[in-house]
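Colleague: Dropping a prediction and its sequence here:
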Amino acid sequence: MKITIAADSEQRDNWRGRKEPVRRVRILLLLLLFPLISLASGIPQEPPRWSLEIKGGSFFPKEENWKAYYGDDKTGQFSGAIAYKLIRQFEVGIDGSYIKDEGKGLAAQQEQITGNVTLELYPLQLFALVRGVFSENQWLVPYLGAGWTRIYYEQDIRGQEKRRGAATGTHIRGGVQLLLDNIDRSTAWGFHENFGVDNSYFFLEVQRSSVEIGSDPVELGGTSYQAGLLFEF
């Protein structure tokens, strides 16, 4: 009996010795596969750092004589922006827009129509922005920002020389973002798989700029109301 017990004990020790390396291999495989399992479940390894915006809407110029020249107190605006998030709630970025309007030119002091006039504005903005986001699944995200604005312009009055120039000023912006991932999860997963998009938002934004030019100042800024899509990477 003693010999049998000793043999059984020795066999158990040998079996345990053989099993220990297997356990270590399993643990090592789990550690190596964990990042892949996380990606497969759709969970980003870290919060997104970059965002891309595409937006459009209406621009209401601040200049009082705008309607006299162009027949309306507003015109269209199309914009795009890219930003980098220093932390989840704070980002810096650059924004570019295109604004165009057409009307009738007036002779100075005489107020007589002199010909068709086309005005094109190219606002370029550097901004800092604070977002009220505290969860990756947060439905509504309000934001507020401000920054530097430089507007390049080109005015073409038929029969006259084109006028070009630029002026610098400031702007403020604010809005609210609606998370689209919770509405259509299959599309959100497809965007993540094919384009690396972590989050998609629909947003509404109001922006007000002030940019004056000339000794008898002409205001090139105004108020913009835009809607668009934002993608986080």
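Modeller: Noted; the coordinates are in hand.
Colleague: could you dump stretch 48-59 to PDB, C-alpha only?
Modeller: Taking C-alpha atoms only, stretch 48-59 is exported to PDB below (Å, rounded to 0.1, in the frame of the first residue of the first chain):
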ATOM      1  CA  PRO A  48     -10.800  59.600 -30.500                       C
ATOM      2  CA  ARG A  49      -8.300  62.400 -31.100                       C
ATOM      3  CA  TRP A  50      -9.400  63.900 -34.500                       C
ATOM      4  CA  SER A  51     -12.700  65.200 -35.800                       C
ATOM      5  CA  LEU A  52     -13.900  66.200 -39.300                       C
ATOM      6  CA  GLU A  53     -16.900  68.500 -39.900                       C
ATOM      7  CA  ILE A  54     -18.900  69.100 -43.100                       C
ATOM      8  CA  LYS A  55     -21.600  71.700 -42.800                       C
ATOM      9  CA  GLY A  56     -23.700  74.300 -44.700                       C
ATOM     10  CA  GLY A  57     -26.400  76.900 -44.100                       C
ATOM     11  CA  SER A  58     -27.100  80.600 -44.300                       C
ATOM     12  CA  PHE A  59     -24.900  83.600 -43.700                       C
END
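Colleague: So what touches it?
Modeller: With Cβ atoms under 8 Å, 6 or more residues apart in numbering as the test, stretch 48-59 has contacts from 74-85, 91, 93, 95, 99, 198-199, 203, 205, 222-233. Heads up, the C-betas are built off the backbone N, CA and C, glycines and all.
Colleague: So which of the residues you listed are in strands?
Modeller: Among the contacts of stretch 48-59, the residues falling in strands (DSSP state E) are 75-85, 91, 93, 95, 99, 199, 203, 205, 222-232.
Colleague: sorry, back to before: out of the contacts of stretch 48-59, which are buried?
Modeller: Among those, those scoring as buried are 74-75, 77-79, 81, 83, 85, 91, 93, 95, 99, 198-199, 203, 205, 222, 224, 226, 228, 230-232 (criterion: 16 or more other Cβ atoms under 10 Å).
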